[in-house]
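Chemist: 3D, please:
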Amino acid sequence: MRGVRGRIAGTYLIITLLAVLIFEAILIYILVRFYYTNIESELNASANTIVHNYEVYFNGDDLDRDAKLLMESVSSNTVAQIQIIDREKVVLVDSINPVSVGESLDYPDINGALKGKKTTWRGRNPQTNESILSVSSPIKKNEEVIGVVRVITALTDVNKILFNHVLTLIVLGTFIVILIFVAGVFLSNTIIKPVKEITCAAEAMARGRFDVRVNKRYDDEVGKLADTLNYMAEAVSKHEKMKNDFIASISHEIRTPLTSIIGWVIAINSGNVENSEEIREGLGIVERESERLAAMVEELLDFSKFDAGSINLKIDLVDLKELISHITKQMEPRAKREGIFIVMRTDEDLPFIDADENRLKQVLINIIDNSFKFTQKGGYINIIAKQLKDKVLICVEDNGCGIPEDDISKVTQRFFKGNSNAAGSGLGLAICDEIIKLHNGEMNIESVVEKGTAVNIILPVRA
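Modeler: Next up is the predicted model:
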């Protein structure tokens, strides 16, 4: 019963117990008041009748003489004990206990009636020790109190009835408290059990088991938490798979140029290669593979900086038309070598922008490089730049193999490679997207399979 279950069940128990106690206390008070008020009303009615009879039928000259006649006039239906008492508090007549005649009584109700006020008193009979209720009413002659009519009834039977009612209420209240406590425990279990399952699943995931899933028991906040945890586990699993694929891919990508470099260095160093043309060819391969290796390391360093949020842009005024022209000329030898047409189309009055020229060049070269990879011989790559009001659009489009619709939204994710066998680390477009965002711009990709791809970059124009 510790923890959340204990708090929920305990709260239910305390609230229910307080509610039942308050309700039963009010109900018991009403019952007691109801019974005692009814009895008091009956006693008052009897006392009023006796006083009325005396005032109507007797002249009031001698209460001691008239007391017996007055008692005989009382209805035989009255079961209460009736006493007529003189002004000296001496019992003149008693309907039930004649032995008390002549005794002097001193009770609060008698004293109150002798002062001219009808008075009620509840207490115990000194002879029998039973609980009684008495009503004393003054007998007057010419506004002077000459005696008291006292009507008495025992409360034993009434108290027994009240006790049975109270006992019934206590039993019913106890049953209600137990029932609601059990309901509270059951309700807490409907919360605690799913939370425990979620906790166990989270602990398993913390140990690296991302295949664990949580069963959704209820369609509520806890069920939504289970859905969220399952979604997170699935996302982490995909990310883990992408990371593993990335590690395997980058390992292969690094091993390939290293193997070529080491192979040619060993061959040249051993003196087995004597032909200078062959040596130049080997050194050319070493140079190209070294550049390729350096580019991969640079890409990994960029990713590390972006991931840590420590990248800094060197913003300056950039002539976008000149930058695109320079990149196009740089790519023309490769385009000729691969049999692909590369064309630049820009507005004549293309505005200057505030940007990090080197980073922007990195983005465009990376995107154009992807177009070369996925465009067949005889295809084309267009580099378009034009102004759109207060922004500028740069579009790199090709008629290559295109990207499947399901993969378009994923290509800018880290480590994602639509084709796991394709060369590259899967970080290029992710880094490009981050660079464009740092320039307060946006990058979106449109593609149709077997028709081509267009990468659109939108950057703000200098104010």
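Chemist: and stretch 385-401, which residues are buried?
Modeler: Within stretch 385-401, the residues scored as buried using 16 or more other C-beta atoms under 10 Å are 385, 392, 394, 395, 396, 397, 398, 399, 400, 401. The C-beta positions use only the backbone N, C-alpha and C, and glycine is treated the same way.
Chemist: Quick one: residues in contact with that stretch.
Modeler: 320-321, 324, 345-347, 349-351, 353, 364, 367-368, 371, 374-376, 379-384, 449-461 (C-beta atoms under 8 Å, 6 or more residues apart in numbering).
Chemist: Cross those residues against strands and list the overlap.
Modeler: 345-346, 353, 380-384, 452-460 (DSSP state E).
Chemist: what is residue 104 paired to in the beta sheet?
Modeler: residue 90 (DSSP bridges).
Chemist: By neighbour count, sort out the buried ones in the ones in strands among the contacts of stretch 385-401.
Modeler: Buried members of the ones in strands among the contacts of stretch 385-401, scored by 16+ other C-beta under 10 Å, are 346, 353, 380-384, 452-455, 457-459.
Chemist: Which of those residues sits closest to residue 11?
Modeler: residue 458 (56.1 Å; C-beta to C-beta).
Chemist: who touches that closest one in this structure?
Modeler: Residues near residue 458 by C-beta under 8 Å, 6+ apart: 388, 391, 392, 393, 394, 441, 442, 443.
Chemist: Just to be sure, the fourth one is in a helix?
Modeler: No - secondary structure of residue 393, determined by DSSP: H, G, I helix; E, B strand; the rest coil: strand, with no helix assignment.
Chemist: I'd like the distance from the longest helix along the chain to the chain centre, please.
Modeler: With residue count as the measure and DSSP state H as the assignment, the chain has helix 3-57 as its longest helix. Relative to its chain's centre, helix 3-57 lies at 44 Å (C-alpha atoms, centre = their mean, to the nearest Å).
Chemist: just checking, what packs against it?
Modeler: helix 63-72, strand 81-86, strand 119-124, strand 131-141, strand 144-154, helix 156-206 (3 or more C-beta pairs under 8 Å, 6 or more residues apart in numbering; DSSP states H and E).
Chemist: what's the fifth one packed up against?
Modeler: If I follow you right, that is strand 144-154. Against strand 144-154 (3+ C-beta pairs under 8 Å, 6+ apart) you get helix 3-57, helix 63-72, strand 81-86, helix 108-114, strand 131-141.
Chemist: can you put those in JSON lines and add mean neighbour count and distance to residue 293?
Modeler: JSON lines is the format used below for those (neighbours: other C-beta atoms under 10 Å; distance: least, C-beta to C-beta, whole Å):
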{"stretch": "helix 3-57", "mean neighbour count": "15", "distance to residue 293": "56"}
{"stretch": "helix 63-72", "mean neighbour count": "16", "distance to residue 293": "129"}
{"stretch": "strand 81-86", "mean neighbour count": "22", "distance to residue 293": "119"}
{"stretch": "helix 108-114", "mean neighbour count": "20", "distance to residue 293": "112"}
{"stretch": "strand 131-141", "mean neighbour count": "21", "distance to residue 293": "106"}
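Chemist: Fine by me, thanks again.
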